[in-house]
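Colleague: Next comes the sequence, and after it the predicted model I'd like to discuss.
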Amino acid sequence: MKKSDIGIYGLGVMGRNLALNFNDHNFQVSVYNLDLPGEENLVDAFLSGPAAETNIQGFQEAESFIQSLDRPRKVLLMVKAGAPVDSVINQLTPLLDAGDIIIDGGNTHYADTNRRMAAAAEHGIQYVGMGVSGGEKGARYGPSLMPGGDANAWAVVQPMLEAAAAKNEDGNPCCSWMGNEGAGHFVKMVHNGIEYAIMQLLAECYQIMSEGLALTNSEMADTFHAWNNDLLESYLLDITAKIFTVGDEENPKELVLDNILDKAGQKGTGRWTALTALELGIPLPMITEAVYARTISSFKDLREEASKAIKNEGAVADPKLKLEQLQQALLAGSLVAFAEGFWLLKAANQEFGWNISFQEVAETWQGGCIIRSALLHPIADAFCENGKLPHLFMAPVFQKILASGQQDWRSAVAFGVQSGIPVPAMAAALSHYDGLRTGRLPANLIQAQRDFFGAHQYERVDQPRGKMFHTQWEE
Ligand SMILES: NC(=O)C1=CN([C@@H]2O[C@H](COP(=O)(O)OP(=O)(O)OC[C@H]3O[C@@H](n4cnc5c(N)ncnc54)[C@H](OP(=O)(O)O)[C@@H]3O)[C@@H](O)[C@H]2O)C=CC1
Ligand SMILES: O=C(CO)[C@H](O)[C@H](O)COP(=O)(O)O
């Protein structure tokens with residue numbers, strides 16, 4: 001039997017679709033899944049189902065799975081992030097040889113990848129932490145891939161990963177080497193932070209349209225569909241418009257959307273983005289508010305109770321918001337979401353000594369991934385022109401967009417605030433914009449207060465930076 005080019009461990013949603021994708025590109029694929037007693041045999045189900053007409057080989061034991069691979073063996077782990085990855089690595093390490101390559105394609109925390117890469121190196125195993133985006137369809141027909149880790153492995157896995165990846169409008173694979181250690185997983189984490197922010201922004205537009213402007217579901221479908229153009233064209237806007245057209249199987253006259261409980265789930269990547277930003281000292285108010293918004297949604301019972309106790313009487317926004325104004329808020333907010341993400345990537349380069357190319361990240365996100373958006377083209381151009389751009393707001397192209405849309409953006413936020421419709425991401429995006437474009441903030445008062453109660457000292461506007469002063473504020 002021909003040895004396989006790649007082995008995929010884990011036949012969940014992503015693993016089984018990636019296996020079919022690699023097979024489509026004429027790579028020989030081996031698959032394995034650790035089934036617990038009593039669980040369905042996923043390998044058999046896969047081979048007799050979706051993989052029936054393929055050359056994919058399935059294995060019931062890890063030993064034979066690993067032996068089926070061509071050297072250096074390349075094993076792609078598509079298992080649940082966290083402890084399962086450690087347990088799978090422990091299972092496979094004795095079966096692998098020096099020079100073999102483990103690729104973790106799950107949503108792993110970058111610090112875990114740093115640790116696992118160092119541990120694998122002790123056995124001579126090359127380790128790649130790879131962000132994968134695109135969900136089920138992306139995995140099947142072309143995801144966006146963000147590998148990083150042991151650079152020696154890149155040349156070996158590059159042809160396979162590039163073949164399986166989505167292609168952008170220029171025909172280039174949406175797959176780039178992100179850098180050392182956990183750089184690939186860091187980029188995927190930030191991708192998900194941006195994903196949270198844009199999803200929340202779209203959800204806020206939905207609530208403003210439905211509750212504030214009394215639009216029907218079909219009007220909202222049309223509006224989202226019409227907006228999905230020019231710089232606003234994106235996968236998330238596209239699927240949002242489609243969601244407003246899907247009927248409920250249980251109640252055919254209703255939309256399934258109207259019958260979904262308003263409690264947002266989260267697996268952790270958005271929270272990690274916010275926490276990492278806090279640790280690295282980078283303000284990501286919009287992404288963080290998007291995480292909080294999911295969290296507050298999870299307090300469903302408390303919210304129901306509070307909504308009965310605390311009425312929003314008399315809250316009326318004036319004047320009524322125009323849909324064009326809301327559209328501008330969506331555009332500006334989407335841009336802020338990307339600006340926050342790239343700002344964190346810049347900080348990571350500085351903190352960890354990585355060399356993530358922001359242009360390549362933007363290009364890698366142009367196809368296949370959940371946050372693919374027309375905005376990623378001018379973003380890639382901006383970084384191509386100036387790889388050291390300190391913040392996306394400093395690119396003239398975005399200054400123009402933000403400046404021309406800012407009054408409408410403010411109106412949309414004001415409409416939400418005045419009518420009592422929560423707009424945390426939209427408002428936080430605006431605060432980020434206003435905070436950054438304000439040359440003199442009231443932080444002088446904070447410094448005075450700190451010096452008053454704690455003798456923490458302050459710098460003066462008329463003295464060199466770093467020279468500290470203290471005032472005896474009271475006798
Ligand atoms: N779904 C998505 O849209 C995306 C998911 N990801 C990430 O990809 C990874 C896989 O996701 P997905 O395919 O959706 O997940 P699924 O839940 O569909 O599949 C999880 C897989 O992990 C296996 N697994 C769980 N625990 C263990 C363990 N202790 N030992 C061995 N195998 C284990 C499962 O095996 P079993 O069936 O036997 O339990 C199954 O094969 C995750 O890290 C996820 O965050 C990344 C991008 C997009
Ligand atoms: O990585 C993904 C998309 O890019 C996964 O779908 C992930 O599960 C999304 O995060 P969450 O479940 O927290 O919404």
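Modeller: Alright, I've got the coordinates. Ligands and ions are numbered 1, 2, ... in the order given.
Colleague: all strands for the stretch 101-250 of the chain, in order.
Modeller: Counting by DSSP state E, counting those that start in this stretch, the stretch 101-250 of the chain forms strands over residues 101-104, 126-133, 144-149, given from the N-terminal end onward.
Colleague: Determine if any part of the shortest one is in contact with ligand 1.
Modeller: Read it as strand 101-104. No. Figure legend: strand 101-104 not in contact with ligand 1 (Cβ under 6 Å from any ligand atom); closest approach 8.3 Å. Placement of C-beta: from N, CA and C, glycine included.
Colleague: List the contacts of that strand.
Modeller: Applying Cβ atoms under 8 Å, 6 or more residues apart in numbering, the external contacts of strand 101-104 come out as 72-77, 85, 89, 92, 96, 113, 116, 120, 125-130, 147, 150, 153, 156-157, 185.
Colleague: Each with direction, which strands does that strand pair with?
Modeller: Partners of strand 101-104 in the sheet, by DSSP bridges, are strand 74-77 (parallel), strand 126-133 (parallel).
Colleague: Can I get it as CSV, trimmed to CA atoms?
Modeller: Provided in CSV are the C-alpha atoms of strand 101-104 (Å, rounded to 0.1, in the frame of the first residue of the first chain):
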residue,chain,number,x,y,z
ILE,A,101,6.3,16.6,12.0
ILE,A,102,3.3,17.2,14.2
ILE,A,103,0.9,19.9,13.1
ASP,A,104,-1.8,21.0,15.6
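Colleague: so does that strand get close to ligand 2?
Modeller: No. Strand 101-104 lies apart from ligand 2 when judged by Cβ under 6 Å from any ligand atom; the minimum separation is 13.5 Å.
Colleague: One more: the last one?
Modeller: No. Legend: contact between strand 144-149 and ligand 2 by Cβ under 6 Å from any ligand atom is lacking; minimum distance shown is 9.0 Å.
Colleague: Can I get that strand as PDB, trimmed to CA atoms?
Modeller: As requested, C-alpha coordinates have been extracted for strand 144-149 and formatted as PDB (Å, rounded to 0.1, in the frame of the first residue of the first chain):
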ATOM      1  CA  SER A 144      -7.300  30.000   5.400                       C
ATOM      2  CA  LEU A 145      -4.200  28.500   7.100                       C
ATOM      3  CA  MET A 146      -1.900  30.200   9.500                       C
ATOM      4  CA  PRO A 147       1.000  27.900  10.300                       C
ATOM      5  CA  GLY A 148       3.900  28.800  12.600                       C
ATOM      6  CA  GLY A 149       6.400  27.000  14.800                       C
END
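Colleague: Pull up the residues of the stretch 51-200 of the chain that are close to ligand 2.
Modeller: By Cβ under 6 Å from any ligand atom, the part of the stretch 51-200 of the chain that sits against ligand 2 consists of Asn107, Ser133, Gly135, Asn192, Glu195.
Colleague: now, which of these lie within helices?
Modeller: Among these, the subset assigned to helices under DSSP state H consists of Gly135, Asn192, Glu195.
Colleague: Top of the residues you listed by number of neighbours, please.
Modeller: Of all these, the most densely surrounded is Asn192 (25 neighbours; neighbours counted as other Cβ atoms under 10 Å).
Colleague: Pull up the gap between that one and Gly171, please.
Modeller: When distances are taken as Cβ to Cβ, to the nearest Å, Asn192 and Gly171 turn out to be 27 Å apart.
Colleague: Show me how the record splits the protein into domains.
Modeller: If the domains of the chain are taken from automatic domain parsing, they occupy 6-181, 188-436, 441-475, with pieces of a single domain joined by a plus sign.
Colleague: Could you export the ones you listed as TSV, including mean pLDDT?
Modeller: Formatted as TSV, the entries for those read as follows, by pLDDT from 0 to 100:
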stretch	mean pLDDT
domain 6-181	97
domain 188-436	97
domain 441-475	98
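Colleague: Could you list every helix and strand in contact with the helix ranked longest in the chain?
Modeller: Scanning the chain for the longest helix, with DSSP H as the assignment, gives helix 323-352. Using 3 or more Cβ pairs under 8 Å, 6 or more residues apart in numbering; DSSP states H and E, the elements in contact with helix 323-352 are helix 183-207, helix 217-227, helix 269-280, helix 285-298, helix 358-364, helix 376-385, helix 396-419, helix 424-436.
Colleague: highest average neighbour count across those?
Modeller: Most buried of the helices and strands packed on helix 323-352, by mean neighbour count (mean count of other Cβ atoms under 10 Å): helix 183-207, with a mean of 27.
Colleague: what's the angle between it and helix 269-280?
Modeller: Between the direction of helix 183-207 and that of helix 269-280, the angle (axes from the mean of the first three to the mean of the last three Cα atoms, to 10 degrees) works out to 110 degrees.
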